[in-house]
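>>> A predicted structure for the sequence below; I have some questions about it.
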Amino acid sequence: MKAYLANGLFSMGDRLVNELLASEIRKEIPEIELYVPQENDAINDKHAFANSLAIADADMNKLQESDVLIAVLDGIEIDSGVAAEIGVFSTSGRPIIALFSDVRQLGRDNREKINALIEDGTENQFIYRNLFVVGLIKRNGVIVSTVTEVVENVKKYLREEVL
């Protein structure tokens, strides 16, 4: 099975999340061929040069080869590159497993939070993700909250592929 890990890769936080996810996936699913763009120095060594076409071609080839897309939705907004990768991959009909770990998902049943939002729209205790992107993910995949759930779902799709 081939998989593609989509996330931002320019901040220390993003890079550490990518390393953690890749490490856990590779440890739990040793047979997986996981593409992590930040590991591709041909296009992502920022001391070197790669133009937009080289970056697009390299990542598109890996997206097209992949059986599953693992996408991180964390951050102020979904990273624009991740959103594009989700859009491209969603046309394949193959599964997308999205990780959304934002703690503001907690307390969705808290009436005080809901009432505060009803009374004053600026008292939003919750988070927003672009619904078009969320819909593309849900067509053929899932949104989960933990690294463990990501690994479990990759294993699930791997089993389905073998059957």
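Yep, it's here. Since we're looking at a predicted model, the values are computed, not measured. Numbers count the residues shown, from 1 in each chain.
>>> all contacts plus neighbour counts: C-alpha atoms, from now on.
Fine.
>>> in the helix or strand containing G135, what counts as buried?
Element membership of G135 [criterion: DSSP states H and E] is helix 131-140. For helix 131-140, a neighbour-count test (16 or more other C-alpha atoms under 10 Å) marks V133, V134, L136, I137, K138 as buried.
>>> At the geometric centre of this structure, which residue do we find?
Centre of the chain computed as the mean C-alpha position; nearest residue by C-alpha atoms, centre = their mean is A71, 1.2 Å away.
>>> hmm, who's touching the helix or strand hosting that residue?
According to DSSP H and E, A71 maps onto strand 68-72. Outside strand 68-72, the residues within contact range by C-alpha atoms under 8 Å, 6 or more residues apart in numbering are 2-7, 63, 78, 82, 86, 89, 94-100, 150, 154, 157.
>>> circling back: how about the buried residues of helix 131-140 in a markdown table, adding distance to E119?
Compiled in a markdown table, these are given as follows (distance: C-alpha to C-alpha, whole Å):
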| residue | distance to E119 |
| --- | --- |
| V133 | 28 |
| V134 | 27 |
| L136 | 32 |
| I137 | 32 |
| K138 | 31 |
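>>> which one of these is nearest A116?
Of all those, V134 has the smallest distance to A116: 25.2 Å, by C-alpha to C-alpha.
>>> Now do the helix holding G135: which elements does it pack against?
helix 80-90, strand 96-99 (3 or more C-alpha pairs under 8 Å, 6 or more residues apart in numbering; DSSP states H and E).
>>> Walk me through which strands the last one pairs with, and which way each runs.
For strand 96-99, the paired strands and their directions (DSSP bridges) are strand 68-72 (parallel), strand 142-144 (parallel).
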